[in-house]
Each structure stands twice: as C-alpha cells, then as structure tokens.
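Student: below are the sequence and a predicted model for it; my questions follow.
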Amino acid sequence: MKEEFINLLKSTGREGMNDLLNFIEKTDFFVAPASTKYHGNYEGGLLEHSMKVYEILKHKVQNSIIDIDVKDDTIIIIALLHDICKANYYKTDYRNAKNERGEWEKVPYYTVDDTIPYGHGEKSVMMLTEYLKLTSEEKYCIRWHMGFTEPKELYGTISIAYKKYPLALLLHEADLEASYFYNV
C-alpha cells in the first residue's frame, strides 16, 4: 500500500513532490493510526484511510450527478494528503486494563501529541504548501474536508466553500464513508 501511495503521488508530476515524499518518509505517516479510537486506530491506519478516501473520491467524481471538471492529480493530492496533519501527531501510551483472566496489565493505546496546534484542515494545507503549490480548489478541499464536524459558527462558511468547490463536499463525503462504512 505504501508503494502505491508513493507512486500515485509521484504520478502527479508536481514540482516539490519528491521533497514532500522525503518529508513524509521521515515522519510516522505510514505507520500512524488514523485516529485514537474512532476509525483506523491501529498501526498503518492513516495510510489505509488515505488510500480508501482516494478510492472512494475517484469513484464519486466519476459518477457525480453534476460535472466535476478536475484533473487526476488534484484527486490524488487531496485524497491522499488531506490528513497529513496527523503525521507525528499520535503517540503510544500505556494504561492499566484487566485481561481476560481479570488480571491488571499495561496495555498500549494511542493519544494525541499535538506539537503544531494549528487546527486540522488548515494545518494540512499549511504543511503541504511548504512543499507544493496547491490550487485554490485543492486548498479549499483539504481545509474543509471535515465538513460539518467543524464548529457550528463555521457552517455558513463551509456552505459557501462547498457551493464554490463541489469537490470539497465530495472529499468530505469520501472521508466520512471511509471512516464509517469501512472503519479505516
């Protein structure tokens, strides 16, 4: 899966992609969980989640009821990198829990270690623009991929963004579907 992820990103031909991939290799992106407890909360969950979002988004664009005029490289970038903010974001800690014999033992769990508290979607955009020139549409898609899980005060802004860039709504839907239908 890692090789496919890398090959897809390289296929975009984007200037700066090799530098971005070098950065990603130095992080825990390929072994990180996708969340602490909600979906993909296991080693490699973030990679699996990103690949599933790509698969779903590609299908959604191809079968959309409205014409979504978008290049393949945009689909690849926004789907595979929407959660880059989760690289080096989780750490393993330990807590006591009873095993099947009723004995206490230390068990690992994931916890958040946010060393760059810059939000979620906006943090991914910020990290990516260190390496790539993103289109406006790509920035909006990644920034608003969390949709209406954002604070209620932002719902009007999100609605405007989704009307301006319907692809952003499709990315949000693909993210939800990967998380809830596939638990990745």
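Tutor: Happy to help now that I have it.

Student: got a list of contacts for the helix or strand hosting residue 58?
Tutor: Using DSSP states H and E, residue 58 maps to helix 45-62. With CB atoms under 8 Å, 6 or more residues apart in numbering as the test, helix 45-62 has contacts from 1-2, 4-5, 8, 29-35, 39-40, 68, 70, 75-76, 78-83, 86-87, 167, 170-171, 173-175, 177-179, 182, 184. Heads up, the C-betas are built off the backbone N, CA and C, glycines and all.

Student: among those, which lie within helices?
Tutor: Within those, membership in helices is found for 2, 4-5, 8, 75-76, 78-81, 167, 170-171, 173-175, 177-179, as judged by DSSP state H.

Student: so residue 110 sits in a strand?
Tutor: Yes. Judged by DSSP: H, G, I helix; E, B strand; the rest coil, residue 110 forms part of a strand.

Student: that one touches residue 90, doesn't it?
Tutor: Yes. Look at residue 110 against residue 90 with CB atoms under 8 Å: they come within range, at 4.8 Å.

Student: and for these two, which residues touch both?
Tutor: Residues touching both residue 110 and residue 90 (CB under 8 Å, 6+ apart) are 33, 36.

Student: in stretch 67-84, what's buried?
Tutor: 68, 70, 73-84 (16 or more other CB atoms under 10 Å).

Student: okay if I get those as a markdown table plus distance to residue 154?
Tutor: Below are those laid out as a markdown table (distance: CB to CB, whole Å):
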| residue | distance to residue 154 |
| --- | --- |
| 68 | 23 |
| 70 | 24 |
| 73 | 28 |
| 74 | 23 |
| 75 | 25 |
| 76 | 27 |
| 77 | 23 |
| 78 | 19 |
| 79 | 22 |
| 80 | 25 |
| 81 | 22 |
| 82 | 17 |
| 83 | 19 |
| 84 | 21 |
